[in-house]
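Novice: Show me the folded form of this:
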Amino acid sequence: MYKTILTPLDGTRESETILPQVEALAELCQAKIVLLQVIEPPPPHVAAMATEALKEGIAHRTAEVQQYIHNVEERLRQKGLSAHGIVRQGGVVETILAVARESRADLIAMASHGYRGLARLLHGSVAAELLHRASLPLLILRAGEQKT
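Specialist: This next block holds a predicted model:
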């Protein structure tokens, strides 16, 4: 059924709530899991300053994210699953869609933070935008509402 499952993570426990479903699907379908974390670039007015401290901060954050994705990848591999981690910089939705194309994903599986009201306005909704823009199936779990 599915050969490649793209799973965007953001480093939070909430984003990882999708992993049990992804693991079960991957095992059932013998699918590869592609883990993705997107690092959003600083706003243009901040990037224009490009101080050494900013560059060091970005490098440090990138190293932290790479280690995080590597750790999740290793946890999945220890369970006998095929997993590959990717860290990219860019706009979140655009990068998810680009990696989905590049990896030939046939499912995007992710957790939504479930922001509502003002929080949604301030943080946006990656899941909602993907619903409108993705041409492949989506599995979206609202973090905090899963059954165990």
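
Novice: Show me what secondary structure element comes after the helix or strand bottoming out on mean pLDDT in the chain.
Specialist: When the helices and strands of the chain are scored by mean pLDDT, DSSP states H and E, helix 117-123 comes last with a mean of 44. The first helix or strand that comes after helix 117-123 along the chain, using DSSP states H and E, is helix 126-133.

Novice: now for that following helix, which elements pack on it?
Specialist: Contact here means 3 or more C-beta pairs under 8 Å, 6 or more residues apart in numbering; DSSP states H and E; on that basis helix 126-133 packs against helix 92-102, strand 107-112, strand 138-142. Where you see a C-beta, it was placed from the backbone N, CA and C, and this is true even at glycine.

Novice: Just the buried positions in it, please.
Specialist: 126, 127, 130 (16 or more other C-beta atoms under 10 Å).

Novice: Would you format those residues as TSV with pLDDT and distance to residue 28 included?
Specialist: Converted to TSV, the buried residues of helix 126-133 look like this (pLDDT from 0 to 100; distance: C-beta to C-beta, whole Å):
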residue	pLDDT	distance to residue 28
126	88	26
127	87	23
130	92	23
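
Novice: that older thread, among the helices and strands packed on helix 126-133, single out whichever gets nearest to residue 85.
Specialist: The closest of the helices and strands packed on helix 126-133 to residue 85 is helix 92-102. By C-beta to C-beta, the value is 11.2 Å.

Novice: same for the closest one, what does it pack against?
Specialist: strand 4-8, strand 32-39, strand 82-89, helix 126-133.

Novice: quick one: the longest helix seen in the chain to strand 82-89, angle?
Specialist: Under DSSP state H, the helix in the chain containing the largest number of residues is helix 52-78. Using axes from the mean of the first three to the mean of the last three C-alpha atoms, to 10 degrees, one finds that helix 52-78 and strand 82-89 are set 170 degrees apart in direction.

Novice: For helix 52-78, what does the pLDDT average out to?
Specialist: Mean per-residue pLDDT for helix 52-78: 91.
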